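Participant: Sharing a sequence plus its predicted fold:
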Amino acid sequence: MADSGQAVIVALDGPVVRARSPVPFSINEAVEVGDKGLLGEVLRISGEVIVVQVYEDTAGLQVGDRVQGTGQPLSVQLGPWLLGGIFDGLLRPLNDATSAYVHPGRVQRKPQQFHFQPRLQADAGVHGGSVLGDITSPQAKKQLLLAPPQVQGKLVMLAPAGDYPDDEILCKVRQADGGELGIAMTQSWPVRIPRPAAQRLAAHAPLLTGQRLIDVLFPVARGSSAAMPGGFGTGKTILQQSIAKWCDADVIVYVGCGERGNEMAEVLEQFPQIEDPRSHRPLLERSVIIANTSNMPVAAREASIYTGVTVAEYFRDQGLHVALMADSTSRWAEALRELGGRLGELPAEGGYPAYLGSRQAEFYERAALVRTLSGLTGSVTLIGAVSPPGGDFSEPVTLHTQRNVRCFWPLDRDRARARFYPAINPLQAYSDDAASMIGWWQQQGAAEFASQRRRQLELLEEQAHLARMVRIVGKDALPASQQLTLLCADLVNDAFLRQSAYSKIDCFASPQRQIAMLQLLDHFILRARQVLASGADMGHIEHLPVLRRVRRMGEEISEAALPEFKQLQDQIDAEFAELQARSVSTEEAGVS
Ligand SMILES: Nc1ncnc2c1ncn2[C@@H]1O[C@H](COP(=O)(O)OP(=O)(O)OP(=O)(O)O)[C@@H](O)[C@H]1O
Ligand SMILES: [Mg+2]
């Protein structure tokens, strides 16, 4: 930092500033621009001219103003105060959320008091990830004070238990080179660099979302990534909020890139009112919200998804499972496009810069289940919404996203129009995690999970296949077995995949209820096929009274009433037994 450079602005174009300096800067170095010290980042260096992207409103800057180097890459402050907070793309608090206004320049966050309880003794050896103590506050979850990743040495000072401001040095470590490093609760980390972990682990458990279409058919593993592209109004935001509310992550990071200023204001108004269904306390207490509105500088929006994932990794490193929702990454890509244009870059497809895909990869690659430097297990799961213009999934942002994620949940306009939610199209969706989740479901008691799941997918495929025939010849012209396929596929859709976010009973399904419903439906399908094969009439199967109950089981059988699924199965058996008896006796009558 001693020899950090100083430059003089020679040209201005919105958030992009060019400055001349005889002293070298580094690429991605954070800089302070003008008298107010606006935050910026060096993007390019050519000869003596540096190109800086400024993260704040550049109105008032002039040619001749100074750009001061910091000698550090663009970084954010991370600390226990993050939980429950609402911040801009560089983690500066948005105090008055609805106006989304931040003061320019350096961070003005006021330090907060937290209780610190040391875990180590003076003289202890310390390395990156060593647990130095516990941090508690009345509102937030318990957190850990960890030695920053690069530390290696001996503890020479450790504060006694007590309440401290988050920026106070609580420990000092003498490093191998003899230097001393002070550690406070609040630490800094460069946003574009993934935080290190001891080991990446293979995914073995799902991030449970409580949505059957996702958990059973297209699951996302803890530490994996998913994208939900969907045209205007197809349910991206509602689905992301349902997942945020119900998923079994410890911490939620919500990155909102709003199109219109008021859209984000809505989220900022609504999110604090969401109740955590498990603790009955505000969900915000275990969430971090990063908000970008369209009236905020476009460069901050570009940085915000990296900021979000850095925050997620910070909690992961404390042995927590974190789910990050980004809504919508298309707005982020547009920021990249705008900045690319101002930098004079040659546009590629759709006007986006050629590095759109690699930038997305840098984000989605940070999804991981890891053993942390402290030896704990933690994960970051990334779920991004994409808003393709006109709902066209062949546009560049959707295509690049699809290459970078493991799970793809495209939202279908026709399903949404029919108010069939979540509107994920099961014929286009996929999950690369599905096969490795089967063992987990079997451990939960679903011994036949793999074949039951496969049967559902096959039915949906066959239904799509038969739909064309039905349009040409009509349903009644199909053989009875195919009519049964259509009936069962309808049931899979209506009774299992459909789940309203607004339903009191069905907005969430626990794994046990999902299993009960999956098994019941599968039982119906297998029995119906047997009974049809033994000569029953398709017309009779279609009119079984139990069908109405099966169709509405999600709405009618609550988490507290799981034994009712067994009763429903008994009713299925009884009605099929009667049907079979009837068909046998008609057959006998026919024979005699
Ligand atoms: N899971 C759901 N359950 C019930 N209703 C839903 C669900 N998802 C969406 N809807 C209905 O669809 C409407 C639009 O949903 P949402 O705002 O999530 O769409 P969006 O894709 O985020 O739209 P935009 O493109 O404007 O961002 C909601 O107001 C709600 O009425
Ligand atoms: Mg939306």
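Facilitator: Ah, there it is. Ligands and ions are numbered 1, 2, ... in the order given.
Participant: residue contacts, the nearest residue to P196 once chain neighbours are set aside?
Facilitator: Spatial nearest neighbour of P196, chain neighbours left out: P149 (5.0 Å); criterion: Cβ to Cβ, 6 or more residues apart in numbering. Just so you know, the C-beta spots here come from the backbone N, C-alpha and C atoms, and that holds for glycine as well. Neighbour list for P149: G128, G129, R195, P196, L373 [criterion: Cβ atoms under 8 Å, 6 or more residues apart in numbering].
Participant: cool, Q514 as well?
Facilitator: Going by Cβ under 8 Å, 6+ apart, Q514 touches R212, D215, V216.
Participant: So stretch 328-343, near ligand 1 or not?
Facilitator: No: residues of stretch 328-343 contacting ligand 1 under Cβ under 6 Å from any ligand atom: none, with a closest distance of 6.6 Å.
Participant: Output that stretch as PDB, nothing but the C-alphas.
Facilitator: What follows is stretch 328-343, C-alpha atoms only, in PDB (Å, rounded to 0.1, in the frame of the first residue of the first chain):
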ATOM      1  CA  SER A 328     -32.500 -11.700 -11.700                       C
ATOM      2  CA  THR A 329     -29.100 -12.400 -13.200                       C
ATOM      3  CA  SER A 330     -30.300 -11.000 -16.500                       C
ATOM      4  CA  ARG A 331     -30.200  -7.500 -14.900                       C
ATOM      5  CA  TRP A 332     -26.600  -8.300 -13.900                       C
ATOM      6  CA  ALA A 333     -25.700  -9.400 -17.400                       C
ATOM      7  CA  GLU A 334     -27.200  -6.100 -18.700                       C
ATOM      8  CA  ALA A 335     -24.900  -4.200 -16.400                       C
ATOM      9  CA  LEU A 336     -22.000  -6.100 -17.800                       C
ATOM     10  CA  ARG A 337     -23.200  -5.300 -21.300                       C
ATOM     11  CA  GLU A 338     -23.600  -1.600 -20.500                       C
ATOM     12  CA  LEU A 339     -20.100  -1.400 -19.000                       C
ATOM     13  CA  GLY A 340     -18.600  -3.400 -21.900                       C
ATOM     14  CA  GLY A 341     -20.100  -0.800 -24.300                       C
ATOM     15  CA  ARG A 342     -18.600   2.100 -22.300                       C
ATOM     16  CA  LEU A 343     -15.200   0.300 -22.300                       C
END
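Participant: can you list contacts of that stretch?
Facilitator: 13-16, 43-44, 51, 53, 227, 236, 257-259, 292, 294, 298-299, 301-302, 304-305, 326, 347, 350-353, 356, 359-360, 384-388, 396-397, 401.
Participant: filter those down to the ones near ligand 1?
Facilitator: Of the residues in the contacts of stretch 328-343, proximity to ligand 1 by Cβ under 6 Å from any ligand atom holds for K236, S387.
Participant: ok, which of the contacts of stretch 328-343 also contact ligand 2?
Facilitator: Counting by Cβ under 5 Å from the ion, K236 from these sit close to ligand 2.
Participant: Which members of the contacts of stretch 328-343 are classed as buried?
Facilitator: Among those, those buried by neighbour count (16 or more other Cβ atoms under 10 Å) are 14-16, 43, 51, 53, 227, 236, 257-258, 292, 294, 298-299, 301-302, 304-305, 326, 352-353, 356, 359-360, 384-388, 396-397, 401.
Participant: circling back to that earlier point, now, which of the contacts of P149 sits nearest C507?
Facilitator: R195 (33.9 Å; Cβ to Cβ).
Participant: Could you report the neighbour count for D248?
Facilitator: By other Cβ atoms under 10 Å, the residues close to D248 number 16.
Participant: What residue, apart from its backbone neighbours, is nearest the residue of the stretch 401-550 of the chain found nearest ligand 2 spatially?
Facilitator: With Cβ to the ion, the shortest gap between the stretch 401-550 of the chain and ligand 2 falls at L411, namely 10.5 Å. In space, and not counting its chain neighbours, L411 is closest to G230: 2.9 Å by Cβ to Cβ, 6+ apart.
Participant: from what I can see that neighbour touches P389, true?
Facilitator: No: using Cβ atoms under 8 Å as the test, G230 is too far from P389 to be in contact (11.9 Å).
Participant: Looking at these two, which has the bigger crowd around it?
Facilitator: Shown here are G230 and P389; by other Cβ under 10 Å, G230 has more neighbours (29 against 12).
Participant: Next one: that one, what pLDDT does it get?
Facilitator: For G230, the model assigns a pLDDT of 97.
Participant: any idea how far it is from S503?
Facilitator: Distance, G230 to S503, using Cβ to Cβ, to the nearest Å: 20 Å.
Participant: before we move on, what about P353?
Facilitator: Relative to S503, P353 is positioned 43 Å away (Cβ to Cβ).
Participant: do L486 as well
Facilitator: Relative to S503, L486 is positioned 26 Å away (Cβ to Cβ).
Participant: Have a look at the two and say which one is more surrounded.
Facilitator: L486 (19 against 13).
Participant: Angles on the backbone of the more buried one, please.
Facilitator: Torsion angles at L486 (phi, psi; degrees, to the nearest 10) stand at phi -60, psi -40.
Participant: Pretty sure it sits against Q463.
Facilitator: Yes: between L486 and Q463 a contact is recorded at 6.1 Å, counting by Cβ under 8 Å.
Participant: Who are the packing partners of the worst-scoring helix or strand of the chain on mean pLDDT?
Facilitator: Across the helices and strands of the chain, mean pLDDT, DSSP states H and E gives its lowest value to helix 261-270, namely a mean of 74. The contact analysis (3 or more Cβ pairs under 8 Å, 6 or more residues apart in numbering; DSSP states H and E) places helix 261-270 against strand 251-257, strand 287-292.
Participant: quick check, T485 in a strand?
Facilitator: No: counting by DSSP: H, G, I helix; E, B strand; the rest coil, T485 is located in no strand; its state is helix.
Participant: quick one: contacts for it?
Facilitator: L459, E462, Q463, L466.
Participant: So which of these are in helices?
Facilitator: When the contacts of T485 are checked against helices (DSSP state H), the matches are L459, E462, Q463, L466.
Participant: Kindly write the ChimeraX command that selects the buried subset of those.
Facilitator: A single ChimeraX command selects the buried members of those (16+ other Cβ under 10 Å):
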select :459,463,466
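Participant: Would you format the ones in helices among the contacts of T485 as a markdown table with pLDDT and distance to ligand 2 included?
Facilitator: Formatted as a markdown table, the ones in helices among the contacts of T485 follow (pLDDT from 0 to 100; distance: Cβ to the ion, whole Å):
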| residue | pLDDT | distance to ligand 2 |
| --- | --- | --- |
| L459 | 97 | 31 |
| E462 | 96 | 33 |
| Q463 | 96 | 29 |
| L466 | 95 | 34 |
